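Q: Test case, fold it:
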Amino acid sequence: MSFSCFGAFYSQKAKSREQEEVQGILRDGTRVAIKLLSSESKQGTKEFLTEINMISTARHSNLVQLIGCCVEDRKRILLYEYLENNSLASVLLRSKSKGVHLDWPKRVVICIGTASGLAYLHEEAKPHIVHRDIKASNILLDENFHPKIGDFGLAKLFPDNVTHISTRVAGTVGYLAPEYALLGQLTKKADVYSFGVLLLEIISGKSSSMAAFGEDLLVLVEWAWQLKEQERLLDLVDPELTEYPANEMLRFIKVGLFCTQAASKQRPTMKQVLDMLSKEVNLNEKLLTEPGVYRHYSSQRSGGGKSSSLVIKGKQHRDLSVSSNQLNSFQSMTNILPR
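A: Presented below is the predicted three-dimensional model:
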């Protein structure tokens, strides 16, 4: 498969960005989505091959299917199945401008389908896979608004004898589990946290990383917890949703809160999450604890440089802050820790 086979499908816009997805049509008429990495891309050959291997071996109805790939010199491309409705971010967060209305039944399908895809990655894929970058822009929608998880470029493999990996932090602010952001400690529960944030976004129709809530400018998970303590959880619901079963809505919001608890051990597995979303179950709210929140602060030093720290907030944990030097030492660890 040569680079020249697909050159006609690239746009000039794609070349100016680190990566861009554009549409194309193969000679047999197959419509595809083309992900082009520029020569300045930070994704190296190892990461590129990781994405290829993971996508090609992981098969599930809620995962994006890889059709082909190409490497020529510093140019790399991936060809995915084409999904008509683009990403959840483009539909959910800009639905008014696009004239797309996601009613509650569609949002339920998106939540459960995404949970099903993640449960497959965590428990059925061999070896198990932690995605590391679950967010609205990485959930793609087909013509019927069924979700498919895409972009495995940051994913990590988990052999059966490994409980967690200490690694460099990668992902998107607003979705990062606090223990992963702070210590570089990666487990499947980091994906669970990100999914919980995504669940609250789907319900509220608001971005976790681009919006602040209330007088205290809370992040989305903090706002959801505040509404729970005030017994006003339905205030979280997207105003565009005018019809929905209140009991089911409340259950989905509480599942989002269970997923984002500060202590990773208290979060459910994705299989448990799938059951909580798919079945009429009684959630034991007495076990629910305050969400953990990752914040990144930067301050100007007198010498002209910048210092930064990370803070985790959670009722079950004292506030923690770490200097940038300490953080770098955490992030440099690459040990695989067995059971």
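
Q: and Val192, how far is that from Leu199?
A: 10 Å (CB to CB, to the nearest Å). All C-beta atoms are positioned from the backbone trio N, CA, C, and that covers glycine.

Q: Residues that sit against both of the two, list them.
A: Contact criterion CB atoms under 8 Å, 6 or more residues apart in numbering; residues shared by Val192 and Leu199: Cys259.

Q: Where do the strands of this structure begin and end?
A: With DSSP state E applied, the chain shows strands at 19-25, 31-37, 66-72, 75-81, 128-130, 139-141, 147-149, 156-158, 162-166, 185-186, 293-300, 306-314, 317-323, 336-338, listed in chain order.

Q: Any idea which of those strands has the lowest pLDDT on average?
A: Looking over the strands of the chain, mean pLDDT reaches its minimum on strand 336-338, with a mean of 31.

Q: Give me the neighbour count for the closest residue to Gln266 other than its chain neighbours.
A: Nearest residue to Gln266 in three dimensions, chain neighbours excluded: Thr289, at 6.0 Å (CB to CB, 6 or more residues apart in numbering). For Thr289, the neighbour count with other CB atoms under 10 Å is 18.

Q: quick one: the helices in this structure?
A: With DSSP state H as the criterion, the chain has helices at 12-15, 45-57, 88-92, 95-98, 104-119, 178-183, 188-204, 220-229, 246-259, 270-278, 324-331.

Q: ok, back up a step: gap between the residue nearest to Gln266 and Gly184?
A: Counting by CB to CB, the gap from Thr289 to Gly184 is 23 Å.

Q: now swap in Glu229 and tell me
A: Where Gly184 is concerned, Glu229 sits at a distance of 31 Å (CB to CB).

Q: the more surrounded of these two?
A: Gly184 (21 against 9).

Q: and the more buried one, how far is that from Ala177?
A: If you measure Gly184 against Ala177 using CB to CB, the figure is 11 Å.

Q: Just give the number of residues close to Asn247.
A: 9.

Q: returning to what we had before: out of the helices of the chain, which is the most enclosed?
A: Stretch with highest mean neighbour count among those: helix 188-204 (a mean of 26; mean count of other CB atoms under 10 Å).

Q: Quick check: which ranges of this structure have low pLDDT?
A: For the chain, applying pLDDT under 70 flags the ranges 1-21, 37-45, 47, 51, 94-99, 153-171, 173, 211, 214-216, 295-339.

Q: Next, give phi and psi for the residue nearest to Gln266.
A: Backbone geometry at Thr289, expressed as degrees, to the nearest 10, gives phi -120, psi 170.

Q: Make sure it is actually in contact with Ala263.
A: Yes: between Thr289 and Ala263 there is a contact at 6.8 Å, judged by CB atoms under 8 Å.

Q: Test my guess that Tyr180 contacts Leu186.
A: Yes: in terms of CB under 8 Å, Tyr180 counts as a neighbour of Leu186; the distance is 5.5 Å.

Q: show me the contacts for Glu143.
A: Glu143 touches Leu83, Glu84, Asn85, counting by CB under 8 Å, 6+ apart.

Q: do that again at 10 Å, thanks
A: Neighbouring residues of Glu143 by CB atoms under 10 Å, 6 or more residues apart in numbering: Tyr82, Leu83, Glu84, Asn85.
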